[in-house]
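Sequence and predicted structure, then a few things I'm wondering about:
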Amino acid sequence: MSVLINKDTKLLVQGMGGTGRFHADKSIAYGTQVVGGVHPTRAGQTMTFEGETDHSGVQGRADTYQVDVPIFGTVQEAKAATGANASVVFVPPPFAADAIMEAAEAGIEVIVAITEGVPINDMVRAKRYLADKDVRLVGPNCPGVITPQECRIGIMPGYIHTPGRIGVVSRSGTLTYEAVHQLTQNGLGQTTAIGIGGDPVNGTNFIDCLEMFNEDPATEGVIMIGEIGGSAEEEAAAWITEHMTKPVAGFIAGTTAPPGKRMGHAGAIISGGKGTAADKIAALEAAGVVVAPTPTDMGSAMLQALGEG
Amino acid sequence: MKIHEYQAKQLMAARGISVPEGRMATSVDEAVAAVRPLVEASGNPVVVVKSQIHAGGRGKGRFAEHPDLGGVNVVLDGIEGGVEAAEEKVRELASQMLGSTLVTIQTGPEGKQVNRLYIEQGIDIDRELYLSILLDRSVSRLIVMASTEGGTEIEVVAEETPELILKETIDPAVGLLDFQASRLAAGLGLEGEAAKNGIRFIKELAKAAFEMDTDLIEINPLVVTKDGDVMALDGKMGFDSNSLFRHPDIAAMRDESEEDASELEASEYDLNFITLDGTIGCMVNGAGLAMATMDIIKYFGAEPANFLDVGGGATADKVTAAFKIITKDPNVQGIFVNIFGGIMRCDTIAEGVITAVQEVGLEVPLVVRLEGTNVELGKQILDESGLNVVSASDMKDGAQKIVELTR
């Protein structure tokens, strides 16, 4: 079991430019069903992906692959022709929000937006547009979502993942990799790892993910990785106190971040004394979350939360 | 991106939002020359001389060189002495303020040099209010915040008298609605002509927030004048950097002299860099990991000299540029490179680090922690390079090593 995506997920790639093509290839090598691409000027073409199979992905495949991916002009056409139910957005920032809304309008169920640098007001509008649609947006400015050995959507390295018991949710890309890597090394593995992204306006927040993991029978515990800025971690802590039935471990980045400075991510800023790491750590600990003192301790914090440490 | 108060007021005035008349000056003569036209146009002999820096708290701030002098000065000399007396006082103030260092609660103890002044007409103030438009991240919408407690920092109001803060959430599909603006005006106690002016002010400002892609507009104080006008006595605007591509006019208002030189240089190489005051330089891929690297250095008893995210593609060019910027800081006593390779192979990164070290030269200890594809090969390349590079097995090990090496 897993959340959001699995071996039956049929993926569209919106924005089949250089980065889109590169990661479509990695996803196909991993065993993801990439059924189509969307590109405004390459509609009607077929892109052929071939190479060596990534055996850390879907099991029981041949050593090489060759997959033809049809390219469409619009998501609507692509969905009608392929039955896609998920899409990944690599479209450049000025057009990314439109691509997200186009996918939502076409009835795509899970949209994963990788693009970094989407205007905030564009996301405010896009989120409003998605509000009354039955769609789950993850991102933007995120590494994507992966269910080990089933489906890879995004830009993360597949081989560090292994199927297992823990759900991972994070605002940071490379810190997700750190956590996943440690969970693979200590044998806990992952059910699904979700990068929710570093922007102040994102489609999916911590609570959405905690809720999904709480309901997923295969997930036995959750690691949540937050950082300075906003109050999403504090809100998640309140939700955990109220609803979470599974152990949670956590880490918050930015204890040493100076106030008023944007730390790389658009959303990582302490403003007006709000959004500090200390406040977030205190809120999580009060909710019974085992907070790792350093990122190297995330895996052992999870073991401790599970009572296995 | 931040802009100066006078620029924010120019942008507001261009949209018909009421602001006092004023002129920007970069020299004493320009400051003095601004006085007469302002007094003549307004009929008010009072002018205000305001320091223009990218930091708040200017009124209460003091100059390092002139400890009794504040960052904002009201010149009353014109009331009795006429324009000439006002000009004389402005000459005296401007010559002290320009080129001096203003220290405010937001600048840190080092302060900021004042290179621009804004000379503004005096206003007959009846009431001081507060108004701002910003993103409420918990609902993913812009909100208008208002308060009768103008002139006080909103954080203080939120802490002490939260019931005095009024909020209206803007639905992006329809914008701020008339009844919301009316409700705010009523909540602020505006009546008659002032209510009409206030509603117009609030609506226009809400429109501006969307059309100009601000990430913050803060008017503190928003003043009601004795004749019922509602105007921005101060004005702070920040813009969403991701949106500047569609606002070249605003992008042109960037004042690079207000920014840290190293941060500016780093941005040219597409590196995310922030100067800090510790001794250990950091080079990391990913913003979250870069913050966590700073944290772990502190955890082991040292202080980070910088935040640096080299991004996903840590190419040799970027790594070299990053080394140059880090080693420029005389406080740096050691460097910690922390890369989770992911898609990028560790041997490629190791070669990039070596090329950079050979080009830039290295006089301080360097600890490199690599993780990802071909990690063993990467370590081997570093170990066999003959350079003074220590490789680390994980992040904790790396942080401990660099802290020890710099003790």
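Perfect, thanks for sending it.

I'd like to know how many residues surround B:D270.
Burial of B:D270 is recorded as 12 neighbouring residues (other CB atoms under 10 Å in any protein chain shown). The way it works is simple: take the backbone N, C-alpha and C, and place the C-beta from them, glycine included.

So it: helix, strand or coil?
coil (DSSP: H, G, I helix; E, B strand; the rest coil).

give the contact list for it.
B:G311, B:K318 (CB atoms under 8 Å, 6 or more residues apart in numbering or on different chains).

Kindly report the same for the one 10 residues further on.
Remark: with contacts taken as CB under 8 Å, 6+ apart, B:I280 is in contact with B:297, B:302-305, B:332-336, B:402-403, B:406.

Not counting its neighbours along the chain, what's nearest the residue in chain A that chain B sits nearest to?
Using CB to the nearest CB, the closest approach of chain A to chain B is made by A:S172 at 2.2 Å. Leaving aside its sequence neighbours, A:S172 sits nearest to B:G288 (CB to CB, 6 or more residues apart in numbering or on different chains; 2.2 Å).

residues near residue 168, how many?
Defaulting to chain A. 27.

that's the other chain; I wanted chain B
For B:E168, using other CB under 10 Å, the count is 20.

which element is B:E84 on?
Counting by DSSP states H and E, the element that carries B:E84 is helix B:78-97.

List the buried residues for that helix?
B:78, B:83, B:85-90, B:92-94, B:96-97 (16 or more other CB atoms under 10 Å in any protein chain shown).

Counting by contacts, list what it packs against.
helix B:28-42, strand B:47-51, strand B:72-75, strand B:117-121 (3 or more CB pairs under 8 Å, 6 or more residues apart in numbering or on different chains; DSSP states H and E).

Run through who's touching the second one.
Meaning strand B:47-51. B:5, B:31, B:34-35, B:38-39, B:58, B:61, B:71-75, B:78, B:86, B:90, B:93-94, B:97, B:102, B:114, B:116-122.

I'd like to know which of these are buried.
Buried among those (16+ other CB under 10 Å): B:5, B:31, B:34-35, B:38-39, B:58, B:61, B:71-73, B:75, B:78, B:86, B:90, B:93-94, B:97, B:102, B:114, B:116-122.

what residue ranges in the stretch 251-400 of chain B score low on pLDDT?
B:312-314, B:343 (pLDDT under 70).

Show me where it has its helices.
For the stretch 251-400 of chain B, the helices defined by DSSP state H, counting those that start in this stretch cover B:261-268, B:287-299, B:316-328, B:346-360, B:375-383, B:395-405.

which residues are in contact with the last one?
Think helix B:395-405. So helix B:395-405 is in contact with A:178, A:294-297, B:280, B:292-293, B:296-297, B:299-302, B:334-336, B:338, B:365, B:367-369, B:390, B:392, going by CB under 8 Å, 6+ apart.

Now do the buried residues in it.
Buried, per 16+ other CB under 10 Å, within helix B:395-405: B:M395, B:K396, B:G398, B:A399, B:Q400, B:K401, B:I402, B:V403, B:L405.

nearest to A:K246, of the buried residues of helix B:78-97?
Nearest to A:K246 among these: B:M97, at 60.2 Å, using CB to CB.

so what's the closest one closest to, chain neighbours aside?
Nearest non-adjacent residue to B:M97 (CB to CB, 6+ apart): B:V114, at 5.4 Å.

which one of the buried residues of helix B:78-97 is nearest A:N205?
B:M97 (46.3 Å).

what about that closest one, distance to chain A?
Note on B:M97: its distance to chain A, by CB to the nearest CB, to the nearest Å, is 24 Å.

check contacts around that residue.
Going by CB under 8 Å, 6+ apart, B:M97 touches B:V49, B:S51, B:F63, B:L69, B:G71, B:N73, B:V114, B:L117.

what's around B:M291, how many residues?
Count around B:M291 with other CB under 10 Å applied: 32.

contacting residues around it?
Per CB under 8 Å, 6+ apart, neighbours of B:M291: A:S172, A:E227, A:I228, A:A253, A:G254, A:T256, A:A257, A:M263, A:G264, A:A268, B:F307.

returning to what we had before: pretty sure the residue of chain A closest to chain B is touching B:G286, no?
Yes. Using CB atoms under 8 Å, A:S172 is in contact with B:G286, at 6.2 Å.

quick one: the strands in the stretch 201-350 of chain B?
Along the stretch 201-350 of chain B, the segments classed as strands by DSSP state E, counting those that start in this stretch run B:214-225, B:230-232, B:236-239, B:272-275, B:280-284, B:306-309, B:334-340.

With distance to B:T373 as added columns, please give the ones you listed in JSON lines.
Output for these, formatted as JSON lines (distance: least, CB to CB, whole Å):
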{"stretch": "strand B:214-225", "distance to B:T373": "38"}
{"stretch": "strand B:230-232", "distance to B:T373": "55"}
{"stretch": "strand B:236-239", "distance to B:T373": "39"}
{"stretch": "strand B:272-275", "distance to B:T373": "24"}
{"stretch": "strand B:280-284", "distance to B:T373": "18"}
{"stretch": "strand B:306-309", "distance to B:T373": "20"}
{"stretch": "strand B:334-340", "distance to B:T373": "11"}
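
what residues does the stretch 251-400 of chain B put near chain A?
Residues of the stretch 251-400 of chain B lying near chain A by CB under 8 Å from any CB of the partner chain: B:272, B:274, B:276, B:284-292, B:294-299, B:303-304, B:307, B:309, B:312, B:340-343, B:371-373, B:394-396, B:399.

Going through those, which ones are buried?
Buried among those by 16+ other CB under 10 Å: B:272, B:274, B:276, B:284-292, B:294-299, B:304, B:307, B:309, B:312, B:340-342, B:371-373, B:394-396, B:399.

Against B:L166, how distant is A:A249?
40 Å (CB to CB, to the nearest Å).

Looking at these two, which is more packed in?
A:A249 (28 against 18).
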